[in-house]
Each structure stands twice: as structure tokens, then as C-alpha cells.
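> quick one: sequence plus predicted model below, questions after.
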Amino acid sequence: MAKKNTPNKVESIRHKDKRKNIPTEELRDFVAEEENAPKTMLYPRDPSLDPQLVWKGKDEQDSSELAVPVVPIYIQEKIHPQAIIDQLPHIDHSGGQLDLFSDFNGLPAEFSDRVDFYHHEGNWSNRMILGDSLLVMTSLAEKEGLKGKVQTIYIDPPYGIKFGSNWQVSTRKRDVKDGKAEDATRQPEQVRAFRDTWKLGIHSYLAYLRDRLVVARDLLTETGSIFIQIGDENVHLVRCLMDEVFGSENFVSCINFQSMTPLESGHIENVFDYLVWYAKNMPTMKYRNLFRPKEFSGNTELKFCDLGDGRYRELTTAELANLDEFPEKDRLFKRSVLESSGFTASCTFPFEHGGRTFRPRGGKSWRTNQKGMAQLDRLNRLFVLGTKLYFKLYHKDFPYVSMLNGWSDTVAGFGETKTYVVQTHPKIIQRCLLMTTDPGDMVFDPTCGSGTTAYVAEQWGRRWITCDTSRVALALARTRLMAAKYPYYLLADSPDGIKKEAELTGQVPPSHKTEGDIRKGFVYKRVPHVTLKSIANNPDIKEGMTREQIDAAIARHAETETLYDQPYEDNKTVRVTGPFTVESLSPHRTISVEEKKRLAKVGEEGATMKMIGGGQFANVIIENLIKAGVQNTIKNERLKFDRLEVHPGVWIHAEGQYTEKSGQARRVAVCIGPEHGTVGPELVKEAAKEAVLGIGFDLLLVCGFAFDPHVSEEAKRYGKLTVLPVRMNPDLSMGEDLLKKTGAGNLFMVFGEPDVAIKKVKDGKITVEIKGVDVYDPTTGAIRSSSTDDIACWFIDTNYNSESFFVRHAYFTGAEEPYEKLKRALRAEIDEAAWSELYSTTSRPFDPPEKGKIAVKVINHYGDEVLKVFAVGSEK
């Protein structure tokens, strides 16, 4: 009879910690004016510290304090992967399905309290933030009170001045070639990094890094650590920079790890990168020792074999060369000196062994007293080599060794498909976190990339926050974490954990109530560490005991070492990522009411240009709009301007006219978004309000390099005024040279929206189908739909409350199948058809929303997002 598969449980870790209630994108209008208007945080410079690196521009930087605006962070999505998996059909819910979404927030019941941001707390959720790390860290520290709360920071900055490594332009294209124009970044935040941050090469690099280290130091706890992953090009400079910010007295180690295999290039190969490790405060630094098994191969000290009758022999040269093949490994030992490092009168005496008398040499003492020496002798733990008496230290006494600062086992496969051009081996980050944090501690990575730090922190029960300027990076990281599968480690604060702990210690388990508190840690494997002391002072060893009894007595009194990288697992439970949010910095510049009035009064081009980052940039955009017009994705469908001129408005920067195919003339207004940022709904709203004043315009073009997902919703709300988000080719911000190199033809593209169909099916349920992306024909005003090829994934909030977007359904239509590992782990619970639905353009049927609305978010392979809200039925 075939063995029946036992269904696996699906669990995730919930942290009992709280986090400040911060605004969601939907509730940004409720942010108090004093919160929304950015204050400036000043970080003092201290040029008196010595020695210091000197670079171009440093004196000017040191002449004033580091000033960073304290801006809000907004929640864009709330994601609970366990809830998404639990909604799949055919999973066992016999115990009753929890409403995991309602448990997500833990926020006050009253709406007035929910919008009183920063003054209330909600349940902890991990965080993925789009934005510059300097602004993100300052906001976390100053607005959310996380100063002094982060246990470990892991930073993986660009290694040198070859910046292709950070610029993966699509989730589908991991092969990035440095210096190739087509691989240059097309994201405004990273364009800014290229043009501003790196314009002086290594000088700008050091200034960039120092600013972020200064702010990072404020986030760390007094027991905290910071790691910087760096290559050999700049490791020496980074070490000096860390001395300046953290103090040379807080240097811990420079770990070298092998990151690649030799390529036989004809000269010495550079195959190692480095982890520069500093403590916030060395005397109080948290440290957990990691161990690895001792290797037999190459262990030249392990050259003696106990013959079992009091005699021993030395191994032959051939045996030493092949210790892995030695048949009696438990009999192998090495010599250990019997003299202590100091002098103790009670441990200084002559001792007889084998008919010879031995005394401690050099004014030292024995490591134990007379009774202890006699016990060692009786147990055949002493031997003579030449004229000295030694202690036998067997390999089996402690077959482990502490981790050192050279790691050569960090090259081989990842265990999962590499998705990002610079993806760090998880083992490297794992060791850093296990050495410096405990479960429940907070980890921060300001260089998210593919999300490896978040992935590792989640695996080991640490809270995490990560950020990046790249939307592609966050799109990859989001997918990776939503589909991740982890081992389920036994919690010390759980019935199974207490039972296992009692089994290991031989003690009666306590009967107190458990709460599943991750801060109490996991149940770890541990190994006895037999030392001279645990044998010499052992009270349980008596005359006449067998070898097995003696070994058991020694093990009982031996110290134990905890293997923090080897917690016990429950193989019947599958663990997925816990709740996390996707967030972003404020996507537009906030200006005061007075500044708005002043700009409105000044009818000059210069005043308008100030708003958007400089007249030169605006002139370039307007000139290219006149030449190129506005294109959609269909050939020969282009809006051509009859005229286009600078307009002295606050939000409208150009106005003109175009003619439709029918011959009808239309007035058009143009709003130009920020040169290095994202266009948000607030900008669209202000521009639209200005566009409908007076005679008014027929069409408003809102031009931007990147758009907030809510922009498409804002663009619907202005009656007869047609509002079109227009994506500008980022080549426009990178100068004429690059524009010529890339041969950019379509400089302005109408922003496509997903073509969504909502259908009612049996049992009163509804489904959502993504048919493609709507394409607007600017020459006729007609809208058509194109294919779904460019869609990487799409999400549905099936009960949208207009306060926050919960990812209740998730579908991945790209080429990859991120849920493959979970599918194998849960094959007994969820059938093949249910898994295939996760890669569909048609959703699973779901109940009509209680709130009367659903929201659909579509994300393409470049990380661009669009959100659409639909009324479905009526509110209950």
C-alpha cells in the first residue's frame, strides 16, 4: 500500500514588536502640514578626527554640517505571502482559516486615530522602500524613532567606478555589460547617481559613502555592527573612511571571502572580496561565535593515534596525507601543553608518570591541581613526548573550530536561480547576521539589490528594512520574497520547542503557556566541548567505570557550544515570508503656500524652471517635444504640435496647440515633472487644477521619467480635460552624447494603462482578466489594447478600502515561475491546476468586495507600476 502524504502546514513568523503608523499612499492628504513639510536634520562634521582621508571637495563639505531633509515615507502595498498561499484552493482549512489580512495592521479602530500619523503604533511588518538611502535612513531615525534601534547594517555599495553592476534595466535582462549604452540605467534616481554622485569619480564616491555612514551610525544600537562589502579596488579607502566615522578603536575585522573562480587570465587572479566590519561600540558589541567542522585533511597537528592500552603511536607520512581515509578517527589526538600561562602555588608540584618525575617549567604551574592530574593519569589522558608531559586532546573532544576571517566556501552555486546582476551569496550575509544578531533583532540594508539581506534575515527570524533607488531591484526582491520557502525552525517559546529542549537537557519541561515569541530564539543544536577542566574536576568519574560510562560522565560536565546556524527543524511545516510592506519616499517636491503664491505672481520663465530643477532642463524637454511630438506604442500614431511655447505658470510649463485627424484644433498644456524623481498624484492634481482655469485646455500632458502607481487614478478626475501621463525617455536627462549613442527615437511615450475586464461567474463570484495594455492614439483620441508581453506581474486587492492596498491575489505572468519551490513543498495540499493559476492573466474567482471596490496593480519588467480602482457592486 502506498504511503499517504501527510499535509504540510504553512506558517510565517510574526514579530511582537510594533512600528509607527505611517501614511499610506491613499491617505497622504491626511498627513499634517508640519509632517509633510520637510524639516532639515543636521549632522555635525568633525574635521579634527585624525588621521583622515582627503579628497576633492572635502574641505568644502566639512565647512558646514551635513543637512538632510526629513521627508515622510509612504506605504504603497501591504503583502502577506501566507495569506496569498492560504487562499489557493484545495488547501486544508479544517482548523478554520484565519483572516490574516485583518490581522496585518493592528491599528486603532477610529479613522481619526488611523490618520494621526506617527502618534500611534501598529503591528510590525518588514519593509522594502524605494528611495535614496540617505533620505530613507534620516526619515527612519527622525520621524519614526528608529535611532539606536538597528542591530546590524549590511551595505553593498558599488565596488569601484564601474557602475554597470548596479544598473540592471529589466527583470528579464541580467547580463549587463559595463560601458555599453544600451545597458546604461533608465531610472531617474540612478541617472542622478550617475550625473551628480559620481561626477568626480572616487572623490564623489567617498563623499557619497561618508554621508550615508554618518546617518547609518545613528541608527545602530550600542551593541550593533555594520558590514561593508567591498572589492579590492577601494577596500583600503573604505577602511580609512570607517575609521573616520566609527573610530579605529571600533574596528572588528576585515573578512576576505572568495567571490569567483580563477579564470586563468595569465596573471595573479583577484578572486576575493572583503567585508569591512566595525562595531558601534566595541566593548558592548553583540557577538555569537560560529563554528564549522574541523577538517581532517591537512590537519598536521592531529598526528597521534591512541592504541587503547596506554600506548600510542605517531602516524606515518602516508597516513597524515590521507587522514580522511584513516579508519579509527576517534582515536586520533594532538598534544596540548599541561603548563598554564601563569603561576598558581597549589598547582605547582612534582608529578610522577610512567616511572618519571615531571615539573612545570619556566616558573609556571600545571593547569590543574594534584587530584586533577591524578584523574587525568588514571584515564590515560597524559603522554610523554621527549622530555615533556602533555595532555591528549582528541579530535572527538570538540570536532569543531571557530569561524575565522577567511572564507573560501562562498563561490559555489546559490541553491536558487540568480536573478540580479550583482547578487551576493546568501551564505556571506547569513554569517554576518548570525554573528551579530539574535532572532527578533532589526537588520537594515540600504542597498537592497535582489533582496538577499531581506531574504536571509527573514529565514533567520530577524526583522528587516531594505531600500534601493532601483525599481527593477525592488520588483525582483518583492517577487523573490513573496515566493520564498524557508525551513520552519522550532521556536524556543512553543510547545514543540519546549519538548525538544527537555529532550536535549534531560529535564522535565516547564508547564507555562507559550506565545511563540521569536525574541526567545530557536532551539539550537549544541555540541559538548570537552576540556582538560571537565575531565580533571569531574565528580562523577569513579573507579571501576567502563569506558562508555566515563565518556558519558565527561559529556555531562563538559561545556556545550551552541551551533547558531543549526536550529532544529519541523519538516512537516513549510514557512513562507512574513508580512511586509512596499513603500516609497514622497514622489514630489513639497513647497510652502508662500512659495506657491510667489511663483504664481512671477510671470517669468525662470521662476517656473526653479520648480522643476532648472531652466536648462525644461528648455531641453520643450525643444524635444516640439521636434519629436508624443508617440504611443503604435507606429505612425504621434501627436504633433502646431505650436508649443513656454508658459509662465506654477504647474503648467508649456502651452500650445495640435490638430486631430478630423481637423479639429485642440489646446494642450504641458506639465514637466522632476528631473530626478517620480511624478505623484499630487503633481497631477495641481497641474490639472491650473489647466482648467480661465479658458482652459482640452489636453494636459504630464511628462515624467517615472510615475507613482496612483497617477492613473488621479488622471481620471477632471471631466472634459483629458489628462495623459507621458513617459519621457531618460536619455533626455543624460546629455546629447548619450542621446546620439542610444539612437533614441521615441522620446515621449503616452503612458499605457492595463486593459482590465471584470466578469461575474457562477455563485455570484467575480474574476479579473488582464487583456493587455491600453494604448491611446493621440491623433484621434481612440484607445486600443495591446498584448500582455510586457507585464511582469499583477496584483489585486479584492476588497479595497481606499486606505491601503493589500495584495490579496498575486499573479506572475513573466517567463519565470517563482513559486516552483513552494509548489514542490506543498504538492500534497495544492494541486497542479491551482499553481498554474498563479501565472495566469485571469484571476481566480473571488467574492464581491464588502467595500464595493477592487484595486488592480500592474507592474512591467522595468518596475513601472500602474494602479486602477474599480467599483464592483455596492457597499454592504
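The structure has been received and is ready for your questions. Numbers count the residues shown, from 1 in each chain.

> contacts only, for residue 105.
Residue 105 makes contacts with 78, 122, 123, 804, as judged by CB atoms under 8 Å, 6 or more residues apart in numbering. (Glycine included, C-beta is placed from N, CA and C.)

> residue 563: which of the residues you listed is nearest?
Nearest to residue 563 among the contacts of residue 105 is residue 123, at 31.6 Å by CB to CB.

> show me what contacts the closest one?
14, 18, 19, 103, 104, 105, 106, 579.

> and those residues, which are buried?
14, 19, 104, 105, 579 (16 or more other CB atoms under 10 Å).

> could you find the closest non-adjacent residue to the second one?
The one in question is residue 19. Ranked by CB to CB, 6 or more residues apart in numbering and with sequence neighbours excluded, the top spatial neighbour of residue 19 is residue 124, at 5.2 Å.

> give me every residue that touches residue 703.
Contacts of residue 703 by CB under 8 Å, 6+ apart are 621, 625, 670, 671, 672, 673, 726, 728, 748.

> element containing it?
For residue 703, the element it lies in under DSSP states H and E is strand 699-704.

> same question for residue 138.
Element membership of residue 138 [criterion: DSSP H and E] is helix 133-142.

> the helix or strand following that helix pairs with which strands, and in what direction?
Toward the C-terminal end, the helix or strand that comes next after helix 133-142 (DSSP H and E) is strand 150-155. The strands beside strand 150-155 in its sheet (DSSP bridges) come out as strand 220-230 (parallel), strand 442-445 (parallel).

> of those, which approaches residue 256 most closely?
strand 220-230 (10.8 Å).

> and the closest one, which residues are buried?
Buried residues in strand 220-230, counted by 16+ other CB under 10 Å: 220, 221, 223, 224, 225, 226, 227, 228, 229, 230.

> so what touches it?
148-157, 159, 213, 216-217, 238, 242, 246, 252, 273-281, 284-286, 424, 428, 432, 435-436.

> and the helices in the stretch 101-250 of the chain, which stretches?
Counting by DSSP state H, counting those that start in this stretch, the stretch 101-250 of the chain has helices at residues 111-114, 133-142, 188-192, 202-219, 235-246.

> residues in a beta bridge with the nearest residue to residue 673 once chain neighbours are set aside, which ones?
Excluding the flanking residues, the one nearest residue 673 by CB to CB, 6+ apart is residue 704, at 3.3 Å. Per DSSP bridges, the residues bridged to residue 704 are residue 727.

> hang on, the earlier thing: so which of the buried residues of strand 220-230 is the closest to residue 809?
For those, the nearest to residue 809 is residue 229 (36.4 Å; CB to CB).

> can you check the pLDDT for the spatially closest residue to residue 427 that is not a sequence neighbour?
Distances taken as CB to CB, 6+ apart put residue 410 closest to residue 427, at 5.5 Å, once the chain neighbours are dropped. Looking at residue 410, its pLDDT reads 87.

> how close does residue 410 get to residue 294?
Distance, residue 410 to residue 294, by CB to CB, to the nearest Å: 19 Å.

> contact partners for residue 292?
Residue 292 neighbours (CB under 8 Å, 6+ apart): 400, 401, 403.

> give the contact list for the second one.
When the contact criterion is CB under 8 Å, 6+ apart, the partners of residue 401 are 291, 292, 293, 294.

> among these, which are in strands?
Residues of the contacts of residue 401 located in strands (DSSP state E): 291, 292, 293.

> show me the beta-bridge partners of the second one.
The residues paired with residue 292 through beta bridges, assigned by DSSP bridges, are residue 401.

> residue 652 contacts residue 687, doesn't it?
Yes. Here residue 652 reaches residue 687: they are 6.2 Å apart, a contact under CB atoms under 8 Å.

> now do the shared contacts for those two.
Counting by CB under 8 Å, 6+ apart, the residues touching both residue 652 and residue 687 are 669, 671, 700.

> hang on, the second one in a helix?
Pointing back at residue 671 there. No. Under DSSP: H, G, I helix; E, B strand; the rest coil, residue 671 sits outside any helix and is assigned strand.

> what about residue 267, neighbour count?
Burial of residue 267 is recorded as 6 neighbouring residues (other CB atoms under 10 Å).

> and the chain, what are its domain boundaries?
146-285+406-465+476-484, 295-398+524-567, 591-750 (automatic domain parsing).

> end to end, how far does the second one reach?
Right, domain 295-398+524-567. Terminal residues of domain 295-398+524-567 lie 22 Å apart, using CA to CA, to the nearest Å.

> the residue lying farthest from the centre of the chain and residue 384: what is the separation?
Distance from the C-alpha centroid of the chain, by CA atoms, centre = their mean, peaks at residue 355 (65.8 Å). Distance, residue 355 to residue 384, by CB to CB: 10 Å.

> so who does the closest residue to residue 289 other than its chain neighbours touch?
If the residues on either side of it in the chain are set aside, residue 289 comes closest to residue 402, at 5.7 Å by CB to CB, 6+ apart. Contact analysis of residue 402 by CB under 8 Å, 6+ apart lists 289, 290, 291.

> closest to residue 451 out of the residues you listed?
Nearest member of the contacts of residue 402 to residue 451, counting by CB to CB, is residue 290, at 23.2 Å.

> against residue 255, how distant is the closest one?
From residue 290 across to residue 255, the span is 12 Å (CB to CB).

> looking at those two, which is more packed in?
A direct count of neighbours by other CB under 10 Å for residue 290 and residue 255 places residue 255 higher, at 22 against 17.
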